[in-house]
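Visitor: give me a 3D structure for the following:
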Amino acid sequence: MQISQKGVPLSAADLNISACGDDAEGLRCPIGAHIRRANPRDAEGFWSGRLTNRHRIIRRGRPYGAPLPDGAVPSRATVLYRAVADTVAEAARPLLLSGDCLAGLAVAAGLQRQHRDIAVVWLDAHGDFNTPAITISGYLGGMAVAMLAGRAPELFADPLGLRPVPEHNIVLADARDLDPAERDALAASQVRHIPATAGAMRAALPGLRDLPVYLHVDADIMDNTEVPGLRFPAGPGPTVGDVENCLTAITANADVVAACLACTWLPGEVGRGPARETIARLADALGTRLAWPPGDTQATATA
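Guide: As a prediction, this is how the structure comes out:
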C-alpha cells in the first residue's frame, strides 16, 4: 500500500515507522500513527517501551470534535461550556475536573435543567467577583462568581441559558486575595463570605434551606507552599487537610448534586505528582477515588 499526503508519496522515514530516537518523550505525532492500528512505535522508543507495550497510540495534537469558531474568547469558550452543560444536565452527581473556574457556569446551567433552584458553595483563594467594569486584569476567570450571581450575563450566562443564582444562595469560602473594587462589590452583595473552616461551613449551610448544592473547589485556595505549581498562588492559606475537612462538612450537611475541582496550573504541573495527589485527595473527600495509570494524563474514577 502506498501512502500519500496531498498526492505526494510518503517514504518510510516520512511515516516514522522506525524508532523515534529524536523524540524520546513522544511529543510529536507521526503521520503514520493515525493509520496504524497498534504499536505505533517500537519497543526501543520512549519510556523504555512501557507505553508501546501497553498497545496505546499517541495522537498528540490531533483535534477532536467540531472546530471552535473564530471570534472573541467568550464565544469560542461557550461552545465548550455548552457541551459541559449538556453532559451535566443528564448526569447523576457529576464530578468535573477543570482547568478554569468559568466551567462552573456550565455546571450550574446544566444543573438548572434538573432543578428549579440551586445553591452554590465556592471555595477559592480569590473572590472571582470582578466584572468587566471593575476588573484590573481583564481575566475572565476572575469573574465567575459574579456571573453566577447575574452580573455581566451577556458574556456567558445568556448564551448558556444560565439563570442568576440569588446572592443569598451563594457561600464563598476564603477569598483572601481580592482586588480593591472587587472587595467593595463583594461587601455590598448578599453573598455569604466565610472563612474556609469546617465550623464556618456547618454554620453557613443551614441558610441554604436544603437546596441542591453545586460545590466548586479551586485548588489555589490552599497554601501555595503545600500545593506548588499554581498559576495564581495566593500565599499562605488553608492546608489540604483544612480543605478536606471543609468538604467532609459540606457533604455531610448539604445535598451536593455536582462538584468541580478546578485550578489553573502552570504548564506541565497538572501532570506532576504534587498536583495529582492534591486532586486525588480532594476527590476522595467527596467520595470519589481517582487514579492515574502510569504515563497517562486522564484519570479514572470510582465511587
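Visitor: doesn't residue 91 belong to a helix?
Guide: No - in this structure, residue 91 is coil, not part of a helix, as judged by DSSP: H, G, I helix; E, B strand; the rest coil.
Visitor: can you tell me the SS state at residue 123?
Guide: Put simply, residue 123 is strand when judged by three-state DSSP.
Visitor: tell me, how many neighbours does the nearest residue to residue 149 once chain neighbours are set aside end up with?
Guide: Leaving out its chain neighbours, the residue that sits closest to residue 149 by CB to CB, 6 or more residues apart in numbering is residue 167, at 5.1 Å. In short, each C-beta sits where N, CA and C put it, glycine included. Number of residues near residue 167 (other CB atoms under 10 Å) recorded here: 19.
Visitor: my guess is residue 167 meets residue 188, correct?
Guide: No - the pair residue 167 / residue 188 is not scored as a contact, 10.1 Å apart, by CB atoms under 8 Å.
Visitor: roughly how far apart are the residue nearest to residue 149 and residue 207?
Guide: Between residue 167 and residue 207 the distance, using CB to CB, to the nearest Å, works out to 12 Å.
Visitor: got it, and residue 198?
Guide: If you measure residue 198 against residue 207 using CB to CB, the figure is 16 Å.
Visitor: which of the two has more neighbours?
Guide: The residue with more neighbours, out of residue 198 and residue 207 and counting by other CB under 10 Å, is residue 198; that gives 18 against 12.
Visitor: and residue 76, that's in a helix?
Guide: Yes - counting by three-state DSSP, residue 76 is part of a helix.
Visitor: ok, which stretches of the stretch 1-150 of the chain are strands?
Guide: Listed in chain order, the strands found in the stretch 1-150 of the chain under DSSP state E, counting those that start in this stretch are 4-5, 8-9, 95-98, 119-126.
Visitor: give the pairing partners of the third one; include direction for each.
Guide: In its sheet, strand 95-98 lies beside strand 255-262 (parallel), with partners assigned from DSSP bridges.
Visitor: now the partner strand: buried residues?
Guide: Going by neighbour count (16 or more other CB atoms under 10 Å), the buried part of strand 255-262 is 256, 257, 258, 259, 260, 261, 262.
Visitor: got CSV for those, with distance to residue 268 too?
Guide: Conversion of those to CSV gives the following (distance: CB to CB, whole Å):
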residue, distance to residue 268
256, 31
257, 33
258, 28
259, 25
260, 22
261, 19
262, 18
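Visitor: identify the residues contacting the spatially most central residue of the chain.
Guide: Compute the mean C-alpha point of the chain, and by CA atoms, centre = their mean the closest residue is residue 98, 0.9 Å away. If a contact means CB atoms under 8 Å, 6 or more residues apart in numbering, then residue 98 has 104, 260, 261, 262 as its contacts.
Visitor: which of those residues lies closest to residue 176?
Guide: Of all these, the one with the least separation from residue 176 (CB to CB) is residue 262, at 17.3 Å.
Visitor: got a pLDDT number for the closest one?
Guide: Residue 262 is assigned 94 on the pLDDT scale.
Visitor: would you quantify the distance from residue 133 to residue 155?
Guide: If you go by CB to CB, the gap between residue 133 and residue 155 works out to 12 Å.
Visitor: could you list the domains of the protein?
Guide: Following automatic domain parsing, one finds the domains of the chain at 12-64, 73-302.
Visitor: and the ones you listed, which is most packed in?
Guide: Mean neighbours per residue, mean count of other CB atoms under 10 Å, is largest over those for domain 73-302, with a mean of 19.
Visitor: on that earlier part again, I'd like the strands of the stretch 1-150 of the chain as JSON lines, with mean pLDDT and distance to residue 212 appended.
Guide: Rendered in JSON lines, the data for the strands of the stretch 1-150 of the chain read as follows (pLDDT from 0 to 100; distance: least, CB to CB, whole Å):
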{"stretch": "strand 4-5", "mean pLDDT": "48", "distance to residue 212": "52"}
{"stretch": "strand 8-9", "mean pLDDT": "57", "distance to residue 212": "58"}
{"stretch": "strand 95-98", "mean pLDDT": "94", "distance to residue 212": "15"}
{"stretch": "strand 119-126", "mean pLDDT": "98", "distance to residue 212": "7"}
